[in-house]
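Peer 1: Here's a sequence, model it:
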Amino acid sequence: MHHFPVAEILHCWGLNLKSEHPEVPLAGSPERSLFRTVIEDAGANRFVLEKIDPRMVDRKREIAAAVEYLAGQGLEGVHPWLRNRDGDFITKAAGGFWQVSPFIEGVVLQRPEYTFDAWRGRALARFLIGMKGKSEGISRGSPGRPFSIAAFACELMEKLNRHDPAIACAVGPAFLHLKEYFFPAHERLPIAFCHGDVHPLNVIWGDGEIRGVIDWEFSGTKPEIYDAALVVGCIGMEDPESLAGPLVKVFIEELQAARCFGASGLDVLPEFVLVLRFAWLSDWLRKKDDEMVGMEMDYIRLLLAGMGRYRRIWEL
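Peer 2: Next comes the predicted model:
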């Protein structure tokens, strides 16, 4: 049970609290905030109230501005945080920092069966295509070089060689493949604004549509094919057979047909799928989740063994 004066906090947005709904499950990672709950106002509208880490205030404000821009450009599935009475996305109240966003009702994913739904592949592709077109004028936030997954993988391998030689040995062949066939190309890939974590569990699904896309914490400038590779890799992690299934095939076909992503990115899509799993491996190691570490190592080996097969199936 929390002890926050929710009604007082909501007044900063001009909202009048009717009731709280802690029983309502929320999509996305709970790690993104210190506390979150669904509330209902006097007009029977539901919102998500989040308490955020003070160290993340500037970054959260940057993310909110980017999402608001995309919504303003008409990108479907984007629901910006509310600005408070002072015009800010973040309110300091009750000893903390707070954000409010619309609550989007969704349909629970049937896992792993959903990984073979062709319509989901089409919907995900169209979201990425829409974001590519509508993010052209977006503020790129803090200056600096785009995030490099290649550099991240190299740093992880250095740490593994020092501290976890058994894991380094298990993923070593995949790393060597990437070093030869992907890293040189990576630095030349076209860049764009990306969501950064747009896997299907960060999508709020409706019946045959995307109702919302959440968890924008890793958004920013990256190689433009980043999100597509992440989608494919996460689908395959649910069920490796789905990598040759209708969702993934339709997803890639839609991206190819739109011609808004450079050929250089699509050419290395299998390698990009593979290299992103090193980020997931790092996360499981950070969380000390031995079961997921083992599964991730198996998946990395599977992806490496299937490189040629996936390239043929995806017609790259």
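
Peer 1: So residue 97 belongs to a strand, correct?
Peer 2: Yes - for residue 97, which was evaluated using DSSP: H, G, I helix; E, B strand; the rest coil, the result is membership in a strand.

Peer 1: what mean pLDDT does stretch 306-315 have?
Peer 2: Model confidence over stretch 306-315 averages 96 on the pLDDT scale.

Peer 1: typed the wrong thing, it's stretch 133-143
Peer 2: When pLDDT is averaged along stretch 133-143, the result is 78.

Peer 1: what does stretch 282-289 give?
Peer 2: Averaged over stretch 282-289, pLDDT sits at 97.

Peer 1: Pull that stretch out as CSV, backbone CA atoms only.
Peer 2: What follows is the C-alpha trace of stretch 282-289 in CSV, where atoms were taken according to Å, rounded to 0.1, in the frame of the first residue of the first chain:
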residue,chain,number,x,y,z
SER,A,282,24.4,-8.3,-20.7
ASP,A,283,21.1,-7.5,-19.1
TRP,A,284,20.5,-11.1,-17.9
LEU,A,285,24.1,-11.1,-16.5
ARG,A,286,23.4,-7.8,-14.7
LYS,A,287,20.2,-9.3,-13.2
LYS,A,288,22.1,-12.6,-12.3
ASP,A,289,19.4,-14.6,-14.1
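
Peer 1: Any buried residues in it, and which?
Peer 2: Of the residues in stretch 282-289, 282, 284-285 count as buried by neighbour count, 16 or more other CB atoms under 10 Å. For the C-beta atoms, the positions are set from N, CA and C on the backbone; glycine is no exception.

Peer 1: repeat for stretch 81-89
Peer 2: Of the residues in stretch 81-89, those buried by neighbour count under the rule 16+ other CB under 10 Å are 81-82, 84, 89.

Peer 1: Quickly name whichever of those residues is closest to residue 124.
Peer 2: Nearest to residue 124 among the buried residues of stretch 81-89, counting by CB to CB, is residue 81 at 23.0 Å.

Peer 1: Next, the contact list for that closest one, please.
Peer 2: Contacts were defined as CB atoms under 8 Å, 6 or more residues apart in numbering; by that measure residue 81 touches 64, 67-68, 89, 99-101.

Peer 1: Okay, and which of those map to strands?
Peer 2: When the contacts of residue 81 are checked against strands (DSSP state E), the matches are 99-101.

Peer 1: And the strands in the stretch 201-316 of the chain?
Peer 2: Secondary structure of the stretch 201-316 of the chain, counting by DSSP state E, counting those that start in this stretch: strands at 203-205, 210-213, 220-223.

Peer 1: how close does residue 101 sit to residue 313?
Peer 2: Spatial separation of residue 101 from residue 313 under the definition CB to CB, to the nearest Å is 38 Å.

Peer 1: Out of the strands of the stretch 201-316 of the chain, the one nearest residue 113 is which?
Peer 2: With CB to CB as the yardstick, what comes closest out of the strands of the stretch 201-316 of the chain is strand 203-205 (12.8 Å).

Peer 1: so what does the closest one touch, helix or strand wise?
Peer 2: If contacts are counted by 3 or more CB pairs under 8 Å, 6 or more residues apart in numbering; DSSP states H and E, strand 203-205 sits against strand 210-213.

Peer 1: So in that sheet, which strands flank the strand it packs on, and in what orientation?
Peer 2: Within its sheet, and counting by DSSP bridges, strand 210-213 is paired with strand 203-205 (antiparallel).

Peer 1: what residues does the partner strand touch?
Peer 2: Applying CB under 8 Å, 6+ apart, the set of residues contacting strand 203-205 from outside is 27, 77, 104-107, 109, 120, 124, 210-214.

Peer 1: Drop anything exposed from those.
Peer 2: With neighbours counted by 16+ other CB under 10 Å, those contain buried members at 27, 77, 104, 106, 109, 120, 124, 210-214.
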